[in-house]
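J.: any chance you can model this:
(chains A and B)
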Amino acid sequence: AQKVTQAQTEISVVEKEDVTLDCVYETRDTTYYLFWYKQPPSGELVFLIRRNSFDEQNEISGRYSWNFQKSTSSFNFTITASQVVDSAVYFCALNAGGTSYGKLTFGQGTILTVHP
Amino acid sequence: EAQVTQNPRYLITVTGKKLTVTCSQNMNHEYMSWYRQDPGLGLRQIYYSMNVEVTDKGDVPEGYKVSRKEKRNFPLILESPSPNQTSLYFCASSLDGGSRNEQFFGPGTRLTVL
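T.: Numbers count the residues shown, from 1 in each chain, chains lettered A, B, ... in the order given. Next up is the predicted model:
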């Protein structure tokens, strides 16, 4: 069975602070993909990144960066110099195939609030 | 434009009144699925479909039905809605369900059952 845990239910920061959102996953599959989605107050799900299990290179996209560590089964997301527009719910998700073919297993979500 | 559409976007109904939430994609995707989102629980899969006439249960199928008569459409049916089905619902599609494939989500349907 697959499992994704986002231990931080809510995070509150002041604009320009850096913030890291934690994600820990469990799977027995050796091939899997990890995702991050953003859900702004408007409610839609915005795809941020996909990372496969064989690629442990960190990724940077503007103010966003992701740290994938297979040894600790973690896929953490850092926002540098946070902005009010970053306020949203962020979901980490796992797609591991096998008997869970096609299914995304989501974490509980982390509510990020960035104050001006 | 490649997209997944859902209708209605918002719905308030009463217990026991049958309803259908439609989902349509224009990307010729084989795999489609429904998720519900609840606070503190993230998104959980309700049903999925690997192709036309092929559907199966996800993690929380009780109280829901689906059908896949055409490749582009995957409606979610609540035959007798109850208040515990009040939730935010998302339809998603991907090329073939393979873990490498990005899943495209619809805009969501916010359902309230009184």
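
J.: can you tell me which residues contact the closest residue to chain B within chain A?
T.: Of all residues in chain A, A:Gly102 sits closest to chain B, at 2.9 Å by C-beta to the nearest C-beta. (Each C-beta comes from the backbone N, C-alpha and C, glycine too.) Applying C-beta atoms under 8 Å, 6 or more residues apart in numbering or on different chains to A:Gly102 gives the contacts A:95, B:31, B:33, B:48, B:50, B:94, B:97-99.

J.: what's the nearest residue to it if we skip its chain neighbours?
T.: B:Gly97 (2.9 Å; C-beta to C-beta, 6 or more residues apart in numbering or on different chains).

J.: hmm, whichever strand in chain B runs longest touching chain A?
T.: Using DSSP state E to define each element, chain B has its longest strand at strand B:42-51. Yes. Strand B:42-51 lies within reach of chain A by C-beta under 8 Å from any C-beta of the partner chain, at B:42-45, B:48, B:50.

J.: mean confidence score for stretch A:23-43?
T.: For stretch A:23-43, mean pLDDT is 93.

J.: now do the buried residues in that stretch.
T.: Buried residues in stretch A:23-43, defined by neighbour count with 16 or more other C-beta atoms under 10 Å in any protein chain shown: A:23-25, A:27, A:32-39.

J.: tell me what A:Glu59 is bridged to.
T.: In this entry, A:Glu59 is beta-bridged to A:Trp66, by DSSP bridges.

J.: what's around residue 79, how many residues?
T.: All of this is about chain A. Neighbourhood size, A:Ile79 [other C-beta atoms under 10 Å in any protein chain shown]: 20.

J.: let me rephrase: I mean chain B.
T.: B:Glu79 is flanked by 12 other residues according to other C-beta under 10 Å.

J.: looking at it, it is touching B:Lys17, isn't it?
T.: No. Contact status for B:Glu79 versus B:Lys17: not in contact, 9.9 Å apart, counting by C-beta atoms under 8 Å.

J.: what's the first helix or strand after the longest strand of chain B?
T.: Next in sequence after strand B:42-51, counting helices and strands by DSSP states H and E, comes strand B:54-57.

J.: residue closest to the middle of chain B?
T.: Among the residues of chain B, the one closest to the centroid is B:Trp34, at 2.9 Å (C-alpha atoms, centre = their mean).

J.: quick check: which element contains it?
T.: Here B:Trp34 sits within strand B:31-38, counting by DSSP H and E.

J.: just how off-centre is that strand within its chain?
T.: Relative to its parent chain, strand B:31-38 has a centroid offset of 5 Å by C-alpha atoms, centre = their mean, to the nearest Å.

J.: if you count contacts, what does it end up packed against?
T.: Using 3 or more C-beta pairs under 8 Å, 6 or more residues apart in numbering or on different chains; DSSP states H and E, the elements in contact with strand B:31-38 are strand B:19-25, strand B:42-51, strand B:87-94.

J.: okay, buried residues for that strand please.
T.: By 16+ other C-beta under 10 Å, the buried positions in strand B:31-38 come out as B:31-37.

J.: for these, give me TSV that also has distance to B:Thr112.
T.: Below are the buried residues of strand B:31-38 laid out as TSV (distance: C-beta to C-beta, whole Å):
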residue	distance to B:Thr112
B:Tyr31	29
B:Met32	24
B:Ser33	22
B:Trp34	17
B:Tyr35	18
B:Arg36	13
B:Gln37	14
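
J.: just the closest of these to chain A, please.
T.: B:Tyr31 (5.0 Å).
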